[in-house]
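> Everything below, folded, please.
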Amino acid sequence: MNVVIDHREPELFRSLFAETDKVSTAQLACGDFLVDGQWLFERKTIPDLCVSVVDGRLFKQAHALAKTELHSVVILEGSLRDVSKCNMGRESVQGALVTLGVFFGLPILRSLKPEETVRLMRYTVEQGYRCAKGGVQRYGYRPKGRRARQLYVLQGLPGIGKKRAAVLMDHFGSVEAVVCAGEDELAEVDGIGIPTAQAIRSLVGAS
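I've put the predicted structure just below:
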């Protein structure tokens, strides 16, 4: 990949990309990582997310990301436990994420640490190329009704069929809760187990 890293990002990120990647630093107008001239990633640690909500910076950044013609993605880095270290309630954080995802139309990916952030960027770009070539498609049945669509979404997770999707929905109550659940929480659900929980966490990139 050809990666341009904003100069304000930690130096650690230069070493986390593969030796075959072309990596440079620059002052980006918006976003933190520009990949292959097409993908723009904004990395937010949870503490930084909280601060940027308070000072109003977050939504200015979101507006800039939404206006660009690039594929813009937000990566939220850290554990939900980090929210307790901020002077902001969980509901306020969730509200900020709803605004980013629903009203600005920005995809939000979850990561625990910088290494996972880089893996998510790589996976996203690779999937983007496969989709552009028609390599990732889901044909056939298109469900009607909210619950049916929710179950259909969950069936896109590794190891999850119709039965397991229903069990996950009944246990967690929403697709969002399933995606945000930790490995241990998932493994405790009847019929899921540790291997499937690990596969899900590896895909969605949070714990």
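
> who does the top helix by length along the chain touch, helix- and strand-wise?
With DSSP state H setting the assignment, residue counts place helix 114-132 as the longest helix in the chain. When contacts are defined as 3 or more C-beta pairs under 8 Å, 6 or more residues apart in numbering; DSSP states H and E, helix 114-132 sits against helix 12-16, strand 33-35, strand 39-45, strand 71-77, strand 108-111. Bear in mind the C-beta positions are built from the backbone N, C-alpha and C, glycine included.

> helix or strand right after the fourth one?
Going back to what we said before, that points to strand 71-77. On the C-terminal side of strand 71-77, the closest following helix or strand by DSSP states H and E is helix 90-98.

> picking up where we left off before, run through who's touching the longest helix of the chain.
If you take C-beta atoms under 8 Å, 6 or more residues apart in numbering as the criterion, helix 114-132 is touched by 1, 10, 12-13, 16-17, 33, 35-36, 38-39, 41, 43, 71, 73, 75, 77, 109, 111, 136-137, 205.

> how far out from the middle of the chain is stretch 196-207?
If you compare the mean C-alpha spot of stretch 196-207 with that of the full chain, they lie 12 Å apart, counting by C-alpha atoms, centre = their mean, to the nearest Å.

> ok, and what's touching it?
Outside stretch 196-207, the residues within contact range by C-beta under 8 Å, 6+ apart are 79, 109-112, 116, 119-120, 157-160, 164, 179-180, 182-184, 186-187.

> that older thread, please export the alpha-carbon coordinates of the longest helix of the chain; CSV is fine.
The C-alpha trace of helix 114-132 is given here as CSV (Å, rounded to 0.1, in the frame of the first residue of the first chain):
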residue,chain,number,x,y,z
PRO,A,114,-2.5,0.7,17.0
GLU,A,115,-1.5,-2.7,15.6
GLU,A,116,-5.2,-3.6,15.1
THR,A,117,-5.9,-0.2,13.6
VAL,A,118,-3.3,-0.9,10.9
ARG,A,119,-4.8,-4.3,10.2
LEU,A,120,-8.2,-2.8,9.9
MET,A,121,-7.0,-0.2,7.4
ARG,A,122,-5.3,-3.0,5.3
TYR,A,123,-8.4,-5.2,5.5
THR,A,124,-10.7,-2.4,4.5
VAL,A,125,-8.6,-1.4,1.5
GLU,A,126,-8.3,-5.0,0.3
GLN,A,127,-12.0,-5.6,0.7
GLY,A,128,-12.6,-2.4,-1.2
TYR,A,129,-10.6,-3.6,-4.2
ARG,A,130,-12.4,-7.0,-4.1
CYS,A,131,-15.8,-5.3,-4.0
ALA,A,132,-14.8,-3.1,-6.9
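
> For the buried ones among the contacts of stretch 196-207, write the corresponding ChimeraX selection.
For the buried members of the contacts of stretch 196-207, the matching ChimeraX selection, counting by 16 or more other C-beta atoms under 10 Å, is:
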select :109,110,111,116,120,157,160,164,179,180,182,183,186,187
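
> thinking again about what came up before, will you turn the helices and strands packed on helix 114-132 into CSV that also has mean pLDDT and distance to residue 54?
Conversion of the helices and strands packed on helix 114-132 to CSV gives the following (pLDDT from 0 to 100; distance: least, C-beta to C-beta, whole Å):
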stretch, mean pLDDT, distance to residue 54
helix 12-16, 93, 26
strand 33-35, 96, 24
strand 39-45, 95, 13
strand 71-77, 94, 16
strand 108-111, 93, 19
